[in-house]
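Undergrad: quick check, what structure comes out for this input:
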Amino acid sequence: MLTFAFDTGASGGLRALCLGAHADDIEIGCGGTMLRLIQEGIITSVRWVVLSATGERADEAETGAARFLDGVSDRTVILERFRDGFLPYSGAALKEFFEGLRSGSTPDLIFTPRRDDLHQDHRLVGELTWNTFRDHQILEYQIPKYEGDLGIPNLYVRIPEWAAHRKAELIVSTYRTQADRTWFSETMFLSTMRLRAIEARAASGFAEAFIARKIVF
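TA: All right, here's what the predicted structure looks like:
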């Protein structure tokens, strides 16, 4: 199996843009990867954007960002109030928001939902990411759900055991409004990473998987 490392360049650290349709999307999709890359000093600057976060969910999203970005001094957390489940019907306003994101600092690495995710909100965010950022490394993360659409990833990040358990514990302890959902448990988050570890031959027993549609060497 061929492996590669992120090139941090002369800056000594990467600037990441993390995009989530809902509070907890980013943590579920790439939380272990973020914990690892931050701890290793590979990611040193983060813009963390949640498009639908109101009320208690906004408080949880802010707490989640703070916990996962611990150790990152250069960070910006943006919480928007688009209606959950209705993002495609706010298309013009959402498109304007994405155009505004492009005017900020240029990210080296972008994490976003899959462009062919079966949830309409996730799918639109993935599509707008590609529409907006034309010369960037985009990694599309996966969100387990009822529809069973995890797909076939082509890029894996091996996750240290500590980061896998930290991810699962932080999500469950932060997003208490989701506690009544049958799928929302540490066991589910850990088992998803276990499955990807088999595919990635991860010695730790944990990995996260992404769709990388374009990679330039």
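
Undergrad: where does this structure have low pLDDT?
TA: For the chain, the stretches flagged by pLDDT under 70 are 9-11.

Undergrad: tell me the secondary structure for the spatially most central residue of it?
TA: In the chain, the centroid-proximal residue (C-alpha atoms, centre = their mean) is Ile26; its distance is 3.3 Å. Three-state assignment for Ile26 (DSSP: H, G, I helix; E, B strand; the rest coil): helix.

Undergrad: and it, what does it touch?
TA: Counting by C-beta atoms under 8 Å, 6 or more residues apart in numbering, Ile26 touches Cys18, Leu19, Gly20, Met34, Trp48, Val50, Gly64, Ala65, Phe68, Phe111, Tyr141. (Glycine included, C-beta is placed from N, CA and C.)

Undergrad: now the strands for the protein?
TA: 14-22, 43-52, 74-79, 109-113, 137-141, 155-158, 207-211 (DSSP state E).

Undergrad: quick one: which of the ones you listed is nearest Thr129?
TA: Closest to Thr129 of these is strand 109-113 (C-beta to C-beta; 4.1 Å).

Undergrad: the helices in the chain, which residues?
TA: 25-39, 55-68, 91-102, 120-132, 161-174, 186-200 (DSSP state H).

Undergrad: indicate which one of these is closest to Phe210.
TA: Using C-beta to C-beta, the helices of the chain put helix 25-39 closest to Phe210, at 7.5 Å.

Undergrad: thinking again about what came up before, can I get the helices of the chain in JSON lines including distance to Pro153?
TA: Below are those laid out as JSON lines (distance: least, C-beta to C-beta, whole Å):
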{"stretch": "helix 25-39", "distance to Pro153": "11"}
{"stretch": "helix 55-68", "distance to Pro153": "21"}
{"stretch": "helix 91-102", "distance to Pro153": "24"}
{"stretch": "helix 120-132", "distance to Pro153": "14"}
{"stretch": "helix 161-174", "distance to Pro153": "17"}
{"stretch": "helix 186-200", "distance to Pro153": "7"}
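
Undergrad: any idea which of those is most buried?
TA: With neighbours defined as mean count of other C-beta atoms under 10 Å, those peak in mean count at helix 25-39, which reaches a mean of 25.

Undergrad: residues near Ser73, how many?
TA: 7 (other C-beta atoms under 10 Å).

Undergrad: ok, and the closest non-adjacent residue to Ala209?
TA: Closest residue in space to Ala209, ignoring its immediate chain neighbours: Pro153 at 3.5 Å, by C-beta to C-beta, 6 or more residues apart in numbering.

Undergrad: on that earlier part again, out of the strands of the chain, which gets nearest to Thr182?
TA: Across these, closest to Thr182 is strand 14-22 (C-beta to C-beta), at 17.6 Å.

Undergrad: give the pairing partners of the closest one; include direction for each.
TA: strand 43-52 (parallel), strand 109-113 (parallel) (DSSP bridges).

Undergrad: need those strands in a markdown table (columns: distance to Ser103 and mean neighbour count).
TA: Listed next are the strands paired with strand 14-22 as a markdown table, based on distance: least, C-beta to C-beta, whole Å; neighbours: other C-beta atoms under 10 Å:
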| stretch | distance to Ser103 | mean neighbour count |
| --- | --- | --- |
| strand 43-52 | 12 | 23 |
| strand 109-113 | 15 | 25 |
